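Undergrad: okay, here's the prediction I keep looking at, along with the sequence it came from:
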Amino acid sequence: MMLTQPVTLTSVLTCPVCQHAQAEQMPTDACQWFYECTSCHTVLKPLAGDCCVYCSYGTVPCPPIQTAGPKGCCG
């Protein structure tokens with residue numbers, strides 16, 4: 001029997017422009033491609049090769065990546 005790790009749903013996004021860090025709840029049913037920094041209002045987009053803003057700027061990758069790895073995300 002395989003044990004599965006619990007999925008972490010909160011990630012701290014750090015803005016690359018102003019370095020503001022904000023804890024956010026990640027969606028479990030979709031990738032989030034845009035996020036507006038609550039401090040400087042820069043709209044963040046995923047970096048090349050990442051599926052969402054959480055994988056690019058967060059402390060925890062998105063739920064699909066956590067459970068299935070890179071091939072399990074919103075392709």
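TA: Cool, got the structure. All figures in this text were calculated on a predicted structure; none of them were measured in a lab.
Undergrad: lowest-confidence helix or strand of this structure?
TA: Within the chain, no helix or strand scores below helix 63-68, which has a mean of 84 by mean pLDDT, DSSP states H and E.
Undergrad: which parts of this structure are helices?
TA: 53-57, 63-68 (DSSP state H).
Undergrad: helices and strands around the first one, which ones?
TA: For helix 53-57, the helices and strands in contact under the criterion 3 or more C-beta pairs under 8 Å, 6 or more residues apart in numbering; DSSP states H and E are strand 10-14, strand 43-44. Just so you know, the C-beta spots here come from the backbone N, C-alpha and C atoms, and that holds for glycine as well.
Undergrad: quickly run through the sheet partners of the last one, with directions.
TA: Taking DSSP bridges as the criterion, strand 43-44 sits next to strand 35-36 (antiparallel) in its sheet.
Undergrad: which residues does the partner strand contact?
TA: Strand 35-36 is contacted from outside by 13, 24, 42-44, 53, 57, using C-beta atoms under 8 Å, 6 or more residues apart in numbering.
Undergrad: one more time with 7 Å
TA: Residues outside strand 35-36 that contact it (C-beta atoms under 7 Å, 6 or more residues apart in numbering) are 13, 43-44, 53.
Undergrad: please identify which of those is nearest to residue 29.
TA: residue 53 (15.8 Å; C-beta to C-beta).
Undergrad: quick check, distance from the least confident helix or strand of the chain to the centre of its chain.
TA: 11 Å (C-alpha atoms, centre = their mean, to the nearest Å).
Undergrad: quick one: buried residues of it?
TA: 63-66 (16 or more other C-beta atoms under 10 Å).
Undergrad: now stretch 10-27
TA: 11, 13-15, 24, 26.
Undergrad: could you redo these as a markdown table and give each row pLDDT and distance to residue 5?
TA: Putting those into a markdown table (pLDDT from 0 to 100; distance: C-beta to C-beta, whole Å) gives the following:
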| residue | pLDDT | distance to residue 5 |
| --- | --- | --- |
| 11 | 97 | 15 |
| 13 | 98 | 22 |
| 14 | 98 | 24 |
| 15 | 98 | 28 |
| 24 | 97 | 20 |
| 26 | 95 | 15 |
